[in-house]
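*Asks:* Sequence and predicted structure below; questions after.
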Number of protein chains: 2
Amino acid sequence: MNNYFEILKNDSDSSARTGRINSSRGIIETPVFMPVGTKASVKAVLKENLDEMGCMIILSNLYHIYLSPGIEIIKKAGGIHKFSSWSKNILTDSGGFQVFSLSDIRKIRDEGVEFKSIIDGSKHFFTPEKVIKMQLEIGSDIMMVLDECSIFDADERVIAEAARRTLKWARQSIEAYNMFKNNDDSKIFGIVQGGFNKNLRKYCAQSVSEMNFDGIALGGLSVGESREATIEMIGHTSQFVDREKPLYIMGLGDPVGILNGIGFGVDMFDCVLPTRISRNGSAFTKYGKINIKNKKYSEDFSPIEADCNCYSCKNYSKAYIKHLHKNKEIVSSILLSIHNINFLFELIRNARYAIAENNFIKFKNDFINQYES
Amino acid sequence: MNNYFEILKNDSDSSARTGRINSSRGIIETPVFMPVGTKASVKAVLKENLDEMGCMIILSNLYHIYLSPGIEIIKKAGGIHKFSSWSKNILTDSGGFQVFSLSDIRKIRDEGVEFKSIIDGSKHFFTPEKVIKMQLEIGSDIMMVLDECSIFDADERVIAEAARRTLKWARQSIEAYNMFKNNDDSKIFGIVQGGFNKNLRKYCAQSVSEMNFDGIALGGLSVGESREATIEMIGHTSQFVDREKPLYIMGLGDPVGILNGIGFGVDMFDCVLPTRISRNGSAFTKYGKINIKNKKYSEDFSPIEADCNCYSCKNYSKAYIKHLHKNKEIVSSILLSIHNINFLFELIRNARYAIAENNFIKFKNDFINQYES
């Protein structure tokens, strides 16, 4: 392997590890949580806030930015970094999951996927090659291959067909990548599908590992199944991937899920959760999620978490944020989003320290016990 | 007079002047624009953004914070500054205008005004004394007296009655202020009403000037009349107020209105305009207001104003802000609000320099010609 990904420390009692991704847009320490900026903007959060929290990578969705503003505009702007004024890393999702989850009308065949725009109903066609080409054109730092996702209780035949197609597309994606790339700054990650069939997952994990990807992602999880089933499948699949490459679990970002994933050696996480729950008034705390709408916070002039180092907790009380949320003030979404993103950053930072000290299992168990108490 | 308000420079060719309000919460250079934080939060703008722009005073509305979160909660928080974590000046409006503009059911009599809450329809009663007492309790830096506002084409008898009552309440307010105040940090401003009757405005201006207020406000303007009528009435009324006190025109904050007001010696302005138009995609520029929704900005990668020193213009393009606005991303409101507030701050800063150089009339005319071209 090249030195794109370095493992710094393996935990003695689990598969957890710390590492770093050596990107030209700044080193990413792993494990890492990537805030989601679906449309090239993390909802309600300015880049200064992300910088202050030490954010080195965000995620954007090719599906959304393809539809609006469109690839041509981003190319004319000089790429997605210049367009969005975010100079650190951007991972772009291929659109596979969005086609699966957002488009009511889609036709998947071996050539690619046809879908209707959620904006205006217009028809579009994504192929594995086109998806890689577009991600290269906008200057993505980590590109995901086009994949086919299935619902968690899909028919075995459907799952097998989706897995087969995803592997076929993965090979085509690598070829397209080698054909179109201008430099080595844009990395490409393969995606492991296979539903909840363990043999199929194993086969897909091994097949994707044998291809020349820079990283490996687990897709098709957190799609409606129980949390236990997700965790179990992460644990199962992680045994069969190339452990020299960064491992990314797509769409998982609750505190307990993150710690379980880290325990299985997952290096990268993303989720809309921390920003989405903010708009609903929710905040992570070490003692579980709270909702600021709760009446008891009306006269609670302490911060969301007394020992939290985020901007919101250093400056504002629960009573004030509750007042803002109740009165539909945008600032409440800003403050809660900052806290919730920082909470996951801090959780992972502490997990890294615990791994470094061979103390990860205790750290994980203590956190989960407190969080779920 | 005490040294609360100092006039630094009178323009040689107009009534414009520069000055300073020496408040314990930081010096306010005048003329000044006060961003509106109706509910103790300037919409979509964090205090860091306001600090960076040099904001020394914001406005909050007693009517709104009385209804939610309520005076008791703010008192328990230790006052409105501690509650909102804004340590600089806060001017609080008395609620007179909100009762007039928001409440469909209200009864005004000499004792005070009864109104129904816009939140839950519950009945409330404001008296001049109660309004002052509440503003003292929450620690307002500049309190406004309770006044009665009339629509611009109201019956002469209604206007005269409102003016008479407003003067009566002004005297009661001063008495309440002297009775309840603990220190001199909270200042009290009187309000001149009188509709669009010049004699009545003159009488009210002189009467309010004779009372022991720390500043004088012009109320009941910008309530539906033509812009010319507003400006004319400011010019007329400003001749009859005590010029040793800061003069505040309530609710006026468009760039042209501000410059005309400054020309008549107005020292303080407030308006929801810069934040409200932001949510609709509009931005002030030296060449007039633009709307980011305009198709031509889709591929315009320049900032809203090339030479603007605001955070938004230093970092983001019109194309990106248009993209965010189109996709209903909260960040577009943040960026436009920052630009629009900064635009008014910068306009007034430049007006101050022009006054200092006896160049205000030329500055005003040049700006208006360019802005309206």
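*Replies:* Here it is on my side, so go on.

*Asks:* buried residues in the host helix or strand of residue A:162?
*Replies:* Element membership of residue A:162, judged by DSSP states H and E, is helix A:156-180. Judged by neighbour count using 16 or more other CB atoms under 10 Å in any protein chain shown, the buried positions of helix A:156-180 are A:159-167, A:169-174, A:176-177. Any C-beta I mention is one placed from the backbone N, CA and C, and that applies to glycine too.

*Asks:* Does residue A:107 fall in a helix, a strand, or a coil region?
*Replies:* Of the three states, residue A:107 takes strand under DSSP: H, G, I helix; E, B strand; the rest coil.

*Asks:* For residue A:108, see how far away the residue of the stretch 101-250 of chain A found nearest chain B is.
*Replies:* Going by CB to the nearest CB, chain B is nearest to residue A:119 of the stretch 101-250 of chain A, at 9.3 Å. Distance of residue A:119 to residue A:108, computed by CB to CB, to the nearest Å: 21 Å.

*Asks:* repeat for residue A:322
*Replies:* Applying CB to CB to residue A:322 and residue A:108 gives a distance of 46 Å.

*Asks:* before we move on, what about residue A:86?
*Replies:* Using CB to CB, residue A:86 is found at 32 Å from residue A:108.

*Asks:* I'd guess residue A:40 is in a strand, am I close?
*Replies:* No: secondary structure of residue A:40 (three-state DSSP): coil, not part of a strand.

*Asks:* Can you give me the neighbour number for it?
*Replies:* For residue A:40, the number of neighbouring residues by other CB atoms under 10 Å in any protein chain shown comes to 28.

*Asks:* give the contact list for it.
*Replies:* Neighbour list for residue A:40: A:60, A:65, A:74, A:80, A:83, A:84, A:86, B:320, B:323 [criterion: CB atoms under 8 Å, 6 or more residues apart in numbering or on different chains].

*Asks:* Then residue A:50?
*Replies:* So residue A:50 contacts A:35, A:42, A:58, A:86, A:341 (CB under 8 Å, 6+ apart).

*Asks:* for residue A:129, same thing?
*Replies:* By CB under 8 Å, 6+ apart, residue A:129 lies in contact with A:172, A:173, A:175, A:176.

*Asks:* so who does the first one touch?
*Replies:* When contacts are counted by CB under 8 Å, 6+ apart, residue A:172 touches A:127, A:128, A:129.

*Asks:* Just the ones of those in helices?
*Replies:* Members of the contacts of residue A:172 lying in helices (criterion: DSSP state H): A:128, A:129.

*Asks:* closest to residue A:277 among the contacts of residue A:172?
*Replies:* When the contacts of residue A:172 are compared for distance to residue A:277 (CB to CB), residue A:128 wins out at 33.8 Å.

*Asks:* Count the neighbours of residue A:207 for me.
*Replies:* Using other CB under 10 Å, residue A:207 has 19 other residues around it.

*Asks:* Give me the residues contacting the strand or helix carrying residue A:248.
*Replies:* Assigning secondary structure by DSSP H and E places residue A:248 in strand A:247-249. Strand A:247-249 has contacts (CB under 8 Å, 6+ apart) with A:189, A:215-218, A:221, A:234, A:238, A:241, A:261, A:265-270.

*Asks:* which residues in the stretch 151-300 of chain A form strands?
*Replies:* When assigned using DSSP state E, counting those that start in this stretch, the strands of the stretch 151-300 of chain A occupy the ranges A:187-192, A:215-218, A:247-249, A:268-271, A:282-283, A:290-291.

*Asks:* partner strands of the third one, parallel or antiparallel?
*Replies:* Here strand A:247-249 has these sheet partners by DSSP bridges: strand A:215-218 (parallel), strand A:268-271 (parallel).

*Asks:* which one of residue A:119 and residue A:108 has more residues nearby?
*Replies:* A count of neighbours by other CB under 10 Å puts residue A:108 above the other of residue A:119 and residue A:108, at 17 against 11.

*Asks:* Please identify the nearest residue in space to that one, excluding sequence neighbours.
*Replies:* Closest residue in space to residue A:108, ignoring its immediate chain neighbours: residue A:148 at 5.9 Å, by CB to CB, 6 or more residues apart in numbering or on different chains.

*Asks:* ok, now residue A:69?
*Replies:* residue B:323 (4.5 Å).

*Asks:* Can you classify that neighbour by secondary structure?
*Replies:* Classified using three-state DSSP, residue B:323 is helix.

*Asks:* Identify the residue spatially nearest to residue A:75, adjacent ones excluded.
*Replies:* Per CB to CB, 6+ apart, closest to residue A:75 is residue A:137, 5.5 Å.

*Asks:* Which segments of chain A make up each domain?
*Replies:* Segmentation of chain A into domains, based on automatic domain parsing, reads A:5-271, A:273-373.
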